[in-house]
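1. need coordinates for the following:
(chains A, B and C)
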Amino acid sequence: MPKAAYAILVSAALLVAAAAVLPAPVPHADRILRPPSGSAVFGTDALGRDVCYRTVLGFGYTFGQAAIVLGASLLIGLIAAVISALKFQRWPDRLIVVFAESLRSYPALLLVLMFAAVGAPPIYLLILYFWIPIWRSFRFELTSQQREPYVLWMRLMGRSGPLVLLTEVFPNVLPRTMPYVVGLLSEVIAAQAAIEFLGFGPDIEQPSLGRILLESGQVGVSASWVWMPSLLVLVITALSVTWVVRRYRRAIKWVPIG
Amino acid sequence: MRAMWRLLAELGAAIVGIATLVFLAFAVVPVDPARSVLGPNASEQAVKALRSEYGLDAPLPARYFRTMSRLFQGDFGQSFYFDRPARSIVLGLAPVTLARTGAALLLGLVLGMGAAWCFGVLGWHRWGRPVLVALQSVPSFCAMLLILWFCSRTFGRTPIGSAGLYELMTVVGAAAYPVGAIAYYVLERMSPVEGIPRHIDFLRMLGAPQKYQQLTMLRDAFPGALAITINALSVVLTAVSFAELIFGLRGFGIVFIRSCERGDLSVVMAGSMILCVVVILVQRLGDAVLRRIDPRFADA
Amino acid sequence: MGEPAPQLAVSDLVLVDRESGRVLLDHVSLELPAGRHVGTIGPSGAGKTLLARSLIGLLPPGVEVKGGQIRSPVTGSGEDAAPAGRRLASMVPQTPANALPPTVPALRLVTDVLHWSRGYEPGAARATATELLDEVGIHAESYYKRPHQLSGGMAMRVAIAAALATRPWFLVLDEPSSGLDPIVRRKLADLLLSVADQASITLVVVTHDLWMVNHLCERVIAVEQGRVAADGDPSQLASTRIGRIAREHSEVARQMSSRAAASSAEHHDAEPVLTFEGVSVDYTAPGSVRRKVRALSDVSLALRAGQSVGVIGPSGAGKSTLALTAAGLLRPAMGAVIRNPTRPPHTHGRRANDYGVRMVFQNPFATINPRYTVGRWLEKAISRDRRDGDLYHSVVELLQMVDLPDAVRHARPAQLSGGQCQRAVIAACLASGADVLVMDEPVSMLDPVARDEVIAVLRELRQRQRWSYLLVSHDILSIMQLCEFLVVLDRGCVVECGPLDRIVACPQRDITRRLMEAYYAPTRHHAATSGSHEKTCSGDSSGNDR
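-> The predicted structure follows:
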């Protein structure tokens, strides 16, 4: 991995840890909506709270939730992909395809919104939504390898389909699919932030990127120092993830088998 | 003919599925629609009477059966909040939102291909890519906030006095994601990580001019770009809904969001049906166009 | 003073791989004047294709010039310094089906080439393009087909037409006969000669197909390990290893064709190890989930223990389908395939659905999982089942039996040559307790040297292990070297089968006759040394010795 990517990740982790551990700056009623200055690097918000501190903590929360979503989606997506690959074009696979396409065809946020109104934690709904692109990607890769000679050879030796898929095929397709999965992270973060923006995020005391943007919108966008850092954090995260993915693809120089 | 029947069957299955999903979700909603209409200070008797009037006190299976049988007659029921048939609300507002969405998608496709061509031909890969990634990754609500800030700060125009400007900004802002996604995809195809594609290498072997090679790569990438455009429908629709919410524009997005908050089942049901039908029709139409452009999609 | 004659030339050229620093071409100096067709042969990885690309000034990415120079005029757009306003050289790569622009129909491609290479206006370009396509055998019904709708042979022809449209002095072809049956190969070779004569084009053929070299070329350059090992007319190859192999092949072919017909085949009383009973196999046609195409139709044959049967046929006859069905990788729509009924039942270490049938695929690099070293992969293949005298304890022992050095076990497939990789696959067959080997074009990807090594190992092991072979191949020579029975397939049906020598000497069916004639007909430059196909028919029809 490139050194700069390491630096970004380590710095971000240290910042978040520091913000979580160190005592929070005390909000002052007479420092409402102050622009950036020596005492508050990013200024203060409508309640006199330090924007830098809240942005860092908010990033930690949003990113953490997104990582949980991605991890759970990866697990579900993988299991579904293995089933699809083993029973390709037969009823288990067709059932998954129909379910996934129906779900995916529905606008994501509106689906989340509808169920968030029910009181279900949005994180479950994000998982329900994001396992689909992971499943699709792994399904394609696993299935395309099924007719490769090295797989057929193992089948001729009497090894079962699932065993061959998991021990022979899966490790080969992982380097090619992981960059895509990691690349989904920026999409998940954006979706998580959007849910928070709509007011379905954590409690009011827990900063999150979407909530910061929501609160800024409520008091007017003219105080750009309040919401701009959150926006920049979202963009920089996406850029970093994409850059790392691109470098990783170049580094492994994955060549399809056969 | 067979394809037509298959499409109709798919639509029917999707409508039933979505309707059931929406119904079940609202069956357990903690929001009391009658209370949300009458307000927190209304008497228990009045709330009960309103519930009875809208059939909310019937058993769940009876309500489901009634909802589904009305659905197949095109009757989505009465909106609690607007006190009007949900169908008229949705049909009055959905075309506006869908028109904005369609315009954003078309703009995204044209600008995306154009941006990729410019970046590719002019050799601006290095800084072009980060710009395109940024376009894709800015959440749509952030994009709308940025637009609001920029327009109010730079031009002194707010949504109230400048509806036309904000209509345009809605389409432009919603097009940001497809522009970024399409241009990034096409640019990657024009300069792939894995090396020169074999068919471009063959053109080099025949002495093809650089411009012809680039045009060929662009032409190859078009079916994929069209597929991305079709898949971006959901994302763009969400972006347009956010724009309506933030700019206060007349449209279905804001009504849908508020109806979810209030538990207004009939409006949510009607909106979901129409969205579902539109999305499936657009995807199938897009698939048909793709197969026409590139028969490999038919053989895949 | 006339213009200088066009030529391709490199002078003391040294090419290296930019990343690893490995020397790919080592001080190569060559001049190829127009007028004599040239063939470039050599083992895989020797540098043949790279040399050809250097001659036309089109190095692949990742390769850099470390010394010497490319003296051919640069062939980029606008810089063509070739005489008479013609382009110096165009090239047709290997497997052009993957190299043609995927969304461009055949006619459009040739029209575009005429437009940017010779400045033709649209109307004139279209008319000329149709002439060129007709000349190479692509007719109106295929003008608007895209590459994935064309067969391999048709894609090759479209690529040739596109190259001819540039009106080059030299036409470089990389493995033009790859994957072609003898009939199609001969037609292609004759076509190339015809168009080259008409348009005054010099062919430069990069191949390991000795037949193509003999038929097309007046000058042959042998490349080994990045250096020119021999350069001259084909007779001068005699001193090289490839030349010796070519003579052996010629001898085998001549002996086979002149042997008298009738029952020279051994009569086999052994039990059948593979039986097809009225087998038909369908597959789904591209572009449709419902339309089925019958690939094999009512095929019945039996392979006995220790027997070796070859399967030949034109492209699309169903040979590969037969092989996959025999191995159990495809299910018949009708009929039954019975595999090894007398094999000992399931024991520890062997799965219940292991019938002792192993498959040797065309691409050995795709058969060994690229994650593993050869040694690790062989360890996985070693069967814990014990039969009398068949216990293999070590990978080293296995490698010795296929004539591979011990160092191979630490290598990954990509680090081996094609021949070494294929022998490792055969070692795995040994390790896993194979009784029947089904081989689908096992040597077609290999150069002549590697090919001979693999054939030698297969012959030895067949005797030692009493293996049965079902060998599917376009390469009639390998079938002659390994098999004693022959099955001829055409359009999914068995049209002829029986002892190999009898069918070769006296083919009864038209398709068999055409295949033999295509193989045996004299090549352009070696009419005297090719085996003549003497017909010594005894009047017997296709006897089914099953």
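2. in the stretch 101-250 of chain B, which residue sits closest to chain A?
-> B:Ser137 (3.0 Å; C-beta to the nearest C-beta). Every C-beta, even on glycine, is put in place using the N, C-alpha and C of the backbone.
3. what's the closest non-adjacent residue to that residue?
-> The shortest distance from B:Ser137 to any non-neighbouring residue, by C-beta to C-beta, 6 or more residues apart in numbering or on different chains, is to A:Ala238 (3.0 Å).
4. count of residues packed around the one you found?
-> Burial measure for A:Ala238: 24 neighbouring residues, criterion other C-beta atoms under 10 Å in any protein chain shown.
5. what does it show for phi and psi?
-> Backbone geometry at A:Ala238, expressed as degrees, to the nearest 10, gives phi -60, psi -40.
6. and C:Arg94, how far is that from chain B?
-> Careful, residue C:94 is Gln; it's not Arg. 9 Å (C-beta to the nearest C-beta, to the nearest Å).
7. repeat that for A:Thr237.
-> For A:Thr237, the distance to chain B - C-beta to the nearest C-beta - is 8 Å.
8. now do the contacts for that residue.
-> A:Phe59, A:Phe63, A:Ser186, A:Ile189, B:Ser137 (C-beta atoms under 8 Å, 6 or more residues apart in numbering or on different chains).
9. A:Ala193 is in contact with the residue nearest to B:Ser137, correct?
-> No - in this structure, A:Ala238 sits apart from A:Ala193 without contact. The criterion is C-beta atoms under 8 Å, and the distance is 11.1 Å.
10. so what's the residue lying closest to C:Arg157 once chain neighbours are set aside scoring on pLDDT?
-> Leaving out its chain neighbours, the residue that sits closest to C:Arg157 by C-beta to C-beta, 6+ apart is C:Val136, at 4.3 Å. Looking at C:Val136, its pLDDT is 91.
11. ditto for the one 4 residues further on
-> As predicted, C:Ala140 sits at a pLDDT of 91.
12. what's near enough to touch it?
-> C:Thr130.
13. elements contacting the strand or helix carrying A:Ser186?
-> Counting by DSSP states H and E, the element that carries A:Ser186 is helix A:170-197. For helix A:170-197, the contact count by 3 or more C-beta pairs under 8 Å, 6 or more residues apart in numbering or on different chains; DSSP states H and E identifies helix A:51-86, helix A:108-116, helix A:122-145, helix A:209-219, helix A:224-252, helix B:125-137, helix B:140-150 as packing neighbours.
14. distance between that helix and the chain's centre?
-> Counting by C-alpha atoms, centre = their mean, to the nearest Å, helix A:170-197 is centred 5 Å from the centre of its parent chain.
15. kindly report the same for stretch C:488-508.
-> 21 Å.
16. centroid-nearest residue for chain B?
-> Nearest to the geometric centre of chain B sits B:Leu237, at 2.4 Å (C-alpha atoms, centre = their mean).
17. by contact count, what packs against the helix or strand encompassing that one?
-> If you go by DSSP H and E, B:Leu237 is part of helix B:233-247. Applying 3+ C-beta pairs under 8 Å, 6+ apart, one finds that helix B:233-247 makes contact with helix A:108-116, helix B:86-122, helix B:140-150, helix B:163-190, helix B:252-262, helix B:265-293.
18. where among those is average confidence lowest?
-> Between those, the one with the least mean pLDDT is helix A:108-116; it has a mean of 67.
19. in the chain, where is pLDDT below threshold?
-> With no chain named, the answer covers chain A. Along chain A, segments meeting pLDDT under 70 span A:1-6, A:28-29, A:105-110, A:113-119, A:249-258.
20. wait, I meant chain C there
-> Screening chain C residue by residue with the criterion pLDDT under 70, one finds the ranges C:1-4, C:73-85, C:236-242, C:246, C:249-250, C:253-268, C:285-291, C:344-353, C:383-393, C:522-546.
21. near chain A, which residues of it?
-> Taking C-beta under 8 Å from any C-beta of the partner chain as the criterion, chain C approaches chain A at residues C:327-329, C:350-354, C:357-359, C:361, C:363, C:365-371, C:381, C:428, C:432.
22. for ChimeraX, write a command that selects the buried ones of these.
-> Of these, the buried ones go into a single ChimeraX selection, burial set by 16 or more other C-beta atoms under 10 Å in any protein chain shown:
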select /C:327,328,329,350,354,357,358,359,361,363,365,366,367,368,369,381,428,432
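23. so of the residues of chain C next to chain A, which ones are in strands?
-> Secondary structure of the residues of chain C next to chain A is defined by DSSP state E; positions in strands are C:Val357, C:Arg358, C:Met359.
24. surely the last one meets C:Ala327?
-> This points to C:Met359. Yes - here C:Met359 reaches C:Ala327: they are 4.4 Å apart, a contact under C-beta under 8 Å.
25. what's the overlap in contacts for these two?
-> Between them, C:Met359 and C:Ala327 share the contacting residues A:Leu152, A:Leu156, C:Val438, judged by C-beta under 8 Å, 6+ apart.
26. element containing the last one, please.
-> Element membership for C:Val438 (DSSP H and E) is strand C:436-440.
27. for that strand, packing partners?
-> With contacts defined as 3+ C-beta pairs under 8 Å, 6+ apart, the secondary structure elements packing on strand C:436-440 are helix C:319-327, strand C:357-360, strand C:468-472.
28. contacts for the shortest one, please.
-> Defining contact as C-beta under 8 Å, 6+ apart, one finds that strand C:357-360 is touched by A:149, A:152-153, A:156-157, C:274, C:323-324, C:326-329, C:339-340, C:367, C:422, C:425-426, C:428-429, C:432, C:434-440, C:442.
29. ok, the last one next?
-> Under the contact criterion C-beta under 8 Å, 6+ apart, strand C:468-472 has outside partners C:273-274, C:303-311, C:319-320, C:322-323, C:326, C:435-442, C:458, C:462, C:478-479, C:482-483.
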